[in-house]
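**Q** here's a sequence, model it:
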Amino acid sequence: MVFVGDIHRRWDHVARGLAALARPPEAVVLLGDMECTEPLDRLAAPILQTGAELHWIFGNHDYDGGPEMWANLAEPALNPATTAGALHGRVREIAGVRIAGLGGTFRPRVWHPPNPPRIRRRADLAADLATLGPGWSAESTAALAHSLSVMAIWPEDVEALAGQRADVLVTHEAPTSHPSGVAVLEDLARAMGARLVVHGHHHIGYRAEAADGLRVLGVGAAWGVSLAGSPRWPGEPERWLGRAPAGWSFSP
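**A** Numbers count the residues shown, from 1 in each chain. Predicted coordinates:
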């Protein structure tokens, strides 16, 4: 199994990486921020052609091109081959491992930890956006509603996952093993019984472990990394992790 960090349209890294492997992976999990300028079925052809299962979550940049970019990622009619691999809010057995997915990022209008959620359910979003005021047109309000409903991390999704069991939690955002991480994510992993969190978003590869044994893999942009944390192929130059957060031990 290979986890692939934020591709940001650089599918050439993925194609070269797969071509260099002695044996194709059984499964590939994309960690968000693909930025689909075309349907994912077409862009992910180098993966699909190997016969690997493809699974994915979304990131904060997967709506940068608006509803059209989102449709290129998530619309079943455009993506008959990859729609079934959508992992957000689900637990799937992938290559013999139970993997849970939580896409998106925290958005202040919905939830900005460590503050409590402003809105817990999508069903309450319309009433909240009705308070925006006269400066917001119906069109701009509708656009914001769609963006928040599909891209934000929602308490109702976290709560639904917390009642399930998984071995691995894949997220776009990072837990507190990253200086910009959020404790909600490691709390969710522990609630699910997961012993590993794999995340993208910050374009940095690292391995960390908490005192209770919870492990975290950060995956760099377009890098391919194994379940054990070993690089399978390189991607974009990595960013600096910054000062290592307290409470975590790090290994290369």
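**Q** make it CA atoms for all contacts and neighbour counts henceforth
**A** Will do.
**Q** spit out the contact partners of residue 245.
**A** By CA atoms under 8 Å, 6 or more residues apart in numbering, residue 245 lies in contact with 176-179.
**Q** what's the distance between residue 158 and residue 241?
**A** 26 Å (CA to CA, to the nearest Å).
**Q** just residue 232 next, same as before
**A** Counting by CA to CA - residue 232 and residue 241 are separated by 20 Å.
**Q** what of residue 95?
**A** Distance from residue 95 to residue 241, by CA to CA: 30 Å.
**Q** out of the two, which sits in the more crowded spot?
**A** For residue 95 versus residue 241, neighbours defined as other CA atoms under 10 Å are more numerous around residue 241 (17 against 14).
**Q** residues contacting that one?
**A** 178-179, 204.
**Q** looking at those, spot the one nearest residue 18.
**A** Proximity of the contacts of residue 241 to residue 18 (CA to CA) peaks at residue 204, which lies at 20.3 Å.
**Q** that closest one should be in a helix, yeah?
**A** No: going by DSSP: H, G, I helix; E, B strand; the rest coil, the assignment for residue 204 is coil, not a helix.
**Q** most neighbours, which of the contacts of residue 245?
**A** Taking other CA under 10 Å to define a neighbour, the member of those with the most is residue 177, carrying 27 neighbours.
**Q** thought that one was touching residue 248?
**A** Yes: counting by CA atoms under 8 Å, residue 177 touches residue 248, with 6.3 Å between them.
**Q** hey, what's in contact with both of those two?
**A** Contact criterion CA under 8 Å, 6+ apart; residues shared by residue 177 and residue 248: residue 208.
**Q** how close does the residue nearest to the spatial centre of the chain get to residue 50?
**A** Nearest to the geometric centre of the chain sits residue 172, at 3.1 Å (CA atoms, centre = their mean). For residue 172, the distance to residue 50 (CA to CA) stands at 25 Å.
**Q** can you pull out the helices in the stretch 151-252 of the chain?
**A** Applying DSSP state H, counting those that start in this stretch to the stretch 151-252 of the chain gives helices spanning 155-162, 183-192.
**Q** pick the most buried one from the ones you listed.
**A** Among the helices of the stretch 151-252 of the chain, ranked by average contacts under mean count of other CA atoms under 10 Å, first place goes to helix 183-192 (a mean of 18).
**Q** now do that one: distance to the chain's middle.
**A** The chain centroid and the centroid of helix 183-192 are separated by 15 Å under CA atoms, centre = their mean, to the nearest Å.
**Q** contacts for it, please.
**A** In contact with helix 183-192 (CA under 8 Å, 6+ apart) are residues 113-114, 158, 161-169, 174-176, 195-197, 214.
**Q** that helix to helix 155-162, inter-axis angle?
**A** 30 degrees (axes from the mean of the first three to the mean of the last three CA atoms, to 10 degrees).
**Q** now helix 183-192: mean pLDDT?
**A** Helix 183-192 shows a mean pLDDT of 98.
**Q** gap between the two ends of stretch 199-210?
**A** Counting by CA to CA, you get 16 Å between the two ends of stretch 199-210.
**Q** can you show me the strands along the stretch 51-200 of the chain?
**A** Using DSSP state E, counting those that start in this stretch, the strands of the stretch 51-200 of the chain run over residues 53-56, 91-94, 97-102, 168-171, 196-199.
**Q** rebuild these as CSV, extending it with mean pLDDT.
**A** Output for those, formatted as CSV (pLDDT from 0 to 100):
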stretch, mean pLDDT
strand 53-56, 98
strand 91-94, 98
strand 97-102, 98
strand 168-171, 98
strand 196-199, 98
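**Q** residue 224: which of the ones you listed is closest?
**A** Going by CA to CA, the one of the strands of the stretch 51-200 of the chain nearest residue 224 is strand 196-199, 11.9 Å.
**Q** quickly run through the sheet partners of that closest one, with directions.
**A** Using DSSP bridges, the strands paired with strand 196-199 in its sheet are strand 168-171 (parallel), strand 215-218 (parallel).
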